[in-house]
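Visitor: turn this into a model:
(one chain, ligands or ions: 1)
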Amino acid sequence: MTTLSAKETILASIENNIDDYMELVQTMYDNPEIGNEEFETMALLVNYLDQAGFKTTSGYVVPTGFIGEYDTGKAGPTIAVMCEYDALPEVGHGCGHNLIAGIGIATGEAVKAVIDQFGGKLLVVGTPAEENFGGKVSMSEAGVFDDVDVALMVHPGSHNGVGGRSSALNPIKFEFFGTNAHACKPQSGASALDAAVMSYLQINLIRQFVNPHTYIHGVIKDGGEAANVIPAYASLEYYFRAPTMAYAKEITEKAIKAVDGICAANGVTYQTSTYECPYEDTVINYLLADVLTEKYEELGLTDVQPVDEVATGSTDVGAVSYRCPTIQGFIKICGEEVNAHTVEMANATISPDGKNGLIKAAQGLGLTILELLENPEKLVAIKQEFDTTIATLK
Ligand SMILES: [Zn+2]
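Guide: Predicted structure coming up:
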């Protein structure tokens, strides 16, 4: 009997257990649960990790978060594989997070089979509510990733790639407080709505004077109740998005300054609040991206797209990327004609391409982790790049 190398063990673990992983993916597809309601999904994944020999905790940091730990008891790096598993209303797993979970579990089980040879600690982290509440933000703030050497995941989509930047998102609510009055005796009132409308217009004007790839978009949430009453209350909800959180905060300050002046002009007071979870931008680790590219190509994947430098949206992966070297790769499971957040994308996760994508993505992550376990100096270089980049962003 010949013994398998660590690499062969990882590849075989994923191929041999693929039916189990696809059963998990199918179960999540059949029972989609939206963010912060993923209790059955959490139980499903935790149960699998238990049986695979991980020490698990359910309800970790947030009610539907979990962690599976495997500690070799020997010195070595701490590796975190992230699982998302929240669905969307109406389109179920239209963002393919059920496949992300399958990829994470498969990667975890494969790496667990070899990590004793090297030492260190393996974490499979269940990070819920990516779409709406940012489970990774809560976990990052709780320090889950502070002692992690590298955090990895792969998201399904219409191309193979090593991920890209995402916009920092600062969600700010402006509330305006005026004085009610009969609309035919307006001189005794102060219109919160006027202040809100002027603020909306002025914030629009700020747009011309911001850096490229900065987006400011808002709505009037409250604007009064009746035409014959001068409104005493109005509110605006805004997203300030920018290439970095530092810059998103800078343009938020510009807007607040404008609102301040407008309120003075209208005899109205205001207050601001953060009304949703802020998402940091995604910090790229190019050395880590290089390793995943190399492993993807070794597995026969072609057209592996390089780091996408232009952010098109925001994700809670950003929060993790400010705490430790992080990568969110992509795996192709459908054609370009399939959009994210659709039933077609959900269907792709349980298709033959979805299955093949799970295998390649988990193998790509598994071999990336193996590379770092076998070559600690690479991990040192990756962490140095992380420290250098973060220092420029603060
Ligand atoms: Zn997604």
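Visitor: from here on, just use CA atoms for contacts and neighbour counts.
Guide: Will do.
Visitor: so which residues of the stretch 1-150 of the chain form helices?
Guide: Using DSSP state H, counting those that start in this stretch, the helices of the stretch 1-150 of the chain run over 6-16, 18-30, 39-51, 97-112, 135-141.
Visitor: so for the longest one, mean pLDDT?
Guide: This points to helix 97-112. Across helix 97-112, the average pLDDT comes to 98.
Visitor: same question for stretch 128-135.
Guide: What stretch 128-135 shows for mean pLDDT is 89.
Visitor: now the terminal residues of that stretch, how far apart.
Guide: End-to-end distance for stretch 128-135, by C-alpha to C-alpha, to the nearest Å: 5 Å.
Visitor: next, count neighbours for the nearest residue to residue 164 once chain neighbours are set aside.
Guide: Closest residue to residue 164 apart from its sequence neighbours, by C-alpha to C-alpha, 6 or more residues apart in numbering: residue 308 at 4.2 Å. Residues near residue 308, counting by other C-alpha atoms under 10 Å, number 14.
Visitor: now the one 10 residues further on
Guide: Applying other C-alpha under 10 Å, we find 28 residues neighbouring residue 318.
Visitor: ok, now residue 371?
Guide: When counting by other C-alpha under 10 Å, one arrives at 17 neighbours for residue 371.
Visitor: before we move on, back to that, from residue 361, how far off is the residue nearest to residue 164?
Guide: Applying C-alpha to C-alpha, the value for residue 308 to residue 361 is 18 Å.
Visitor: same deal with residue 321?
Guide: Distance, residue 321 to residue 361, by C-alpha to C-alpha: 20 Å.
Visitor: now residue 325
Guide: According to C-alpha to C-alpha, residue 325 and residue 361 sit 19 Å apart.
Visitor: coming back round to it: out of the helices of the stretch 1-150 of the chain, which is closest to residue 91?
Guide: Closest approach to residue 91 among the helices of the stretch 1-150 of the chain is made by helix 18-30 (10.2 Å; C-alpha to C-alpha).
Visitor: which strands and helices sit next to that closest one?
Guide: Here helix 18-30 touches helix 39-51, helix 97-112, helix 352-374, going by 3 or more C-alpha pairs under 8 Å, 6 or more residues apart in numbering; DSSP states H and E.
Visitor: looking at residue 325 and residue 361, which has the bigger crowd around it?
Guide: Neighbours were counted for residue 325 and for residue 361 using other C-alpha under 10 Å; residue 361 has more, 32 against 26.
Visitor: tell me the pLDDT of residue 373.
Guide: Per-residue confidence for residue 373 comes out at a pLDDT of 98.
Visitor: residues contacting it?
Guide: Contacts for residue 373 (C-alpha atoms under 8 Å, 6 or more residues apart in numbering) come out as 77, 115, 118.
Visitor: which pLDDT value belongs to the second one?
Guide: The pLDDT attached to residue 115 in the predicted structure is 98.
Visitor: check contacts around the closest residue to it other than its chain neighbours.
Guide: Of all residues not flanking residue 115 in the chain, residue 72 sits nearest, at 7.1 Å (C-alpha to C-alpha, 6+ apart). Contacts for residue 72 (C-alpha under 8 Å, 6+ apart) come out as 115-116, 119-121.
Visitor: part of a strand, is residue 295?
Guide: No: counting by DSSP: H, G, I helix; E, B strand; the rest coil, residue 295 is located in no strand; its state is helix.
Visitor: that one contacts residue 362, doesn't it?
Guide: No: contact criterion C-alpha atoms under 8 Å: residue 295 and residue 362 do not qualify, at 10.8 Å.
Visitor: looking at these two, which is more packed in?
Guide: Shown here are residue 295 and residue 362; by other C-alpha under 10 Å, residue 362 has more neighbours (29 against 21).
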